[in-house]
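Colleague: Coordinates for the following, if possible.
(chains A and B)
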Amino acid sequence: MSIPYRFEQTATAAEVAARWDHLGAGEESGHAVAVAGRVMLSRPQGRLAFAELRDSSGAVQLFSLASVTKEFEAFTRLRLGDWVGARGEVVRTKRGELSVKVDEWVVLAEARLPFGDKWRGVTDVETRYRQREMDLWANPKSRERLLLRSLLVRRMRERLWDRGFVEVETPILHPIPGGAHARPFVTHHRALDTDFYLRIAPELYLKRLVVGGFERVFEIGRLFRNEGLSPRHNPEFTTLELYQAYADYEDVMVLVEELTAELALDLCGATAITYQGRPLDLAPPWRRATMAELVEEATGVALSVHTPRHTLAEHAQQLGVAVEPAWGPGKLLLEVYEKTAEPTLWDPVFVRDYPAEVSPLARRHRADPELTERFEAVVAGRELANAFSELNDPDDQRARFEEQSAQHAAGDEEAMVVDAEYLRALEHGLPPTGGLGVGIDRLAMLFADATNIREVISFPTMRPERARRAEDGEDPEAGETGLRPEP
RNA sequence: GCGCCUCUAGCUCAACGGCAGAGCAACGGACUCUUAAUCCGCAGGUUCGGGGUUCAAAUCCCCGGAGGCGCACCA
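Modeller: Got it, this is the predicted structure:
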């Protein structure tokens, strides 16, 4: 049987269901359609045969009769997973199932490999992640999660366009990894004989675009961090970063809470959603609290960046934090916050006014130079967004870079290094700007009610399948060369 | 990186020191209204790999691999 190059589909399963819903049992519509999809169930029954055809919109039953259907015998031998195109009249069977009574049909692709258990599908997580194409057919929920993610990104773009933001693309190959505190992947460019780093954040380039006159920009794209995998971390992940000239972090808070609530309405139909069985209300306004306030709430002790270092160190140690000598009060306060307050947070809260020591790209707080105008949005106990009034003073930025650089030299591989190009850009003048980063995978998890980031990534990062054979000392290609010593 | 758990037929799972099994899928057959169709028949295995203990190992022990969860990391 030859496979055609195209098939003229005139209706989807969902369209058939909607348009001929009114047909009564045993009734015939008099209308022919052409449908296509994958055979998910097959019930041959002598001179009759039924098959469930699934397409991206839903499923419709194919009803085949030996007296009507061409190549009826072959139809009864269709296997689960075969792609089929079928033309015929829309009817409702005597038992009440809306069907296409097949006149002509054609195989569009054979499923050579079996398709798993028709009832229980495929549940083995390794198979589900490594062979996602199989998971998507076997488990409708997997498809729904990826669809939801797609819609999330689409709506996010639309909401930002509506607000006058311009979508841009900035380099993924960075000569200097910057914009975040993370270990990079390294690669090499032959012609330039130079190492490049896959970006750990687009931040610095986006702010350079603001310097260049793009007053509202955003980028949705992939970031790469050479760190551990976990149910909440994938080495490559997607973020939204945006920058708004003339705005400060208070303005960004309003944007974040409004945008999130709008997306919740788009995707879940309400701002009050349920995550992991627990109610979560995303309606603005969200609570705003300083890090110091939250620490005091959680511990009963008033601590801040102005608390003597040894006092902070004592508290941190009591909490089991391995305090390092290089840490100042800011880092210690952050550690205490993360151990005590952060795990208790559930409803959305803007945790604001982070220590300057741990925020090298954020502008100093207008009321306290030891703090910055930075916040993280914590929702359902997770960091969903990180934002600040951007540091636009080139001298201060240089000083912060140099502090980071000293930490890098002292062995902190994740500390930043001085980025002269970026400093030169700041010398040309960055207006007051509010900036924001949002983890799109985590946002998708929230709306999809998923606990594992891999559920919202089409092909999550896995150890390569060939690793085992290589470890065993086998050359995977040895058997495929066809070259054998003569006996 | 550390700890715990998992790995048996294409898929989903039993057997837990004593002959490696079932359902579904596949394959052959019956069946003119099925709905996870039903019925009859047939076939399917390096029990993740390697080593050890034992009369006997899927099962117990050791090493390795892959995966999951938690911790650490991810400011």
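
Colleague: Count the neighbours of residue A:458 for me.
Modeller: Each residue near residue A:458 was counted by other CB atoms under 10 Å, and the total is 15. C-beta coordinates here come from the backbone N, C-alpha and C atoms, glycine included.

Colleague: Also residue A:232?
Modeller: The local packing of residue A:232 (other CB under 10 Å) involves 16 other residues.

Colleague: likewise residue A:124?
Modeller: A total of 11 residues lie near residue A:124 under the criterion other CB under 10 Å.

Colleague: and what of the one 3 residues further on?
Modeller: Burial of residue A:127 is recorded as 14 neighbouring residues (other CB under 10 Å).

Colleague: And for residue A:270?
Modeller: 13.

Colleague: where does it land in three-state SS?
Modeller: The assignment at residue A:270 comes out as coil when based on DSSP: H, G, I helix; E, B strand; the rest coil.

Colleague: Let me know the pLDDT of it.
Modeller: At residue A:270 the predicted local confidence, pLDDT, stands at 96.

Colleague: where in chain A is pLDDT low?
Modeller: Applying pLDDT under 70 to chain A flags the ranges A:1, A:465-487.

Colleague: mind giving me the domain split of it?
Modeller: Taking automatic domain parsing as the domain assignment, the ranges for chain A are A:13-109, A:140-286+A:347-456.

Colleague: which residue does chain A bring closest to RNA strand B?
Modeller: Chain A approaches RNA strand B most closely through residue A:46 (2.1 Å), counting by CB to the nearest atom of the strand.

Colleague: give me the number of residues near that residue?
Modeller: By other CB under 10 Å, 7 other residues sit near residue A:46.

Colleague: Quick one: name the residues of the stretch 101-250 of chain A near RNA strand B.
Modeller: On the criterion CB under 7 Å from any atom of the strand, RNA strand B has as its neighbours in the stretch 101-250 of chain A the residues A:113-127, A:129, A:180-182, A:225, A:227-233.

Colleague: circling back: tell me the spacing between the residue of chain A closest to RNA strand B and residue A:65.
Modeller: For residue A:46, the distance to residue A:65 (CB to CB, to the nearest Å) stands at 10 Å.

Colleague: before we move on, what about residue A:245?
Modeller: Here the criterion is CB to CB. By it, residue A:245 lies 69 Å from residue A:65.

Colleague: for residue A:280, same thing?
Modeller: 53 Å.

Colleague: can I assume residue A:298 sits in a helix?
Modeller: Yes: checked against three-state DSSP, residue A:298 lies within a helix.

Colleague: That one against residue A:345, yeah?
Modeller: No: counting by CB atoms under 8 Å, residue A:298 does not reach residue A:345; the two are 9.4 Å apart.

Colleague: coming back round to it: quick one, which of residue A:280 and residue A:65 is more surrounded?
Modeller: residue A:280 (17 against 14).

Colleague: Who is residue A:198 paired with across the strands?
Modeller: In this structure, residue A:198 bridges to residue A:173 when assessed by DSSP bridges.

Colleague: got the contact list for it?
Modeller: Residues near residue A:198 by CB atoms under 8 Å, 6 or more residues apart in numbering: A:172-174, A:184-187, A:224.

Colleague: and if we set it to 7 Å?
Modeller: With contact set as CB atoms under 7 Å, 6 or more residues apart in numbering, residue A:198 has these partners: A:172, A:184-185, A:187, A:224.

Colleague: Can you name the two of those that sit furthest apart?
Modeller: Of all pairs drawn from the contacts of residue A:198, the one with the largest separation by CB to CB is A:172 and A:184; the distance is 11.3 Å.

Colleague: With neighbour numbers in mind, choose between these two.
Modeller: Legend: neighbour count by other CB under 10 Å for residue A:172 and residue A:184, higher for residue A:184 (21 against 14).

Colleague: SS state for that one?
Modeller: Going by three-state DSSP: residue A:184 is coil.

Colleague: Test my guess that it contacts residue A:177.
Modeller: Yes: between residue A:184 and residue A:177 a contact is recorded at 4.0 Å, counting by CB atoms under 7 Å.

Colleague: what is in contact with these two at once?
Modeller: Among the neighbours of residue A:184, those also in contact with residue A:177 (CB under 7 Å, 6+ apart) are A:197, A:200.

Colleague: Strands of the stretch 251-400 of chain A, start to end?
Modeller: With DSSP state E, counting those that start in this stretch as the definition, the stretch 251-400 of chain A shows strands at residue ranges A:272-275, A:278-281, A:287-290, A:349-352, A:364-365, A:368-372, A:374-379, A:382-389.

Colleague: Please convert those strands to TSV, extending it with distance to RNA strand B.
Modeller: As requested, the strands of the stretch 251-400 of chain A are exported to TSV (distance: least, CB to the nearest atom of the strand, whole Å):
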stretch	distance to RNA strand B
strand A:272-275	14
strand A:278-281	15
strand A:287-290	15
strand A:349-352	11
strand A:364-365	14
strand A:368-372	9
strand A:374-379	8
strand A:382-389	7
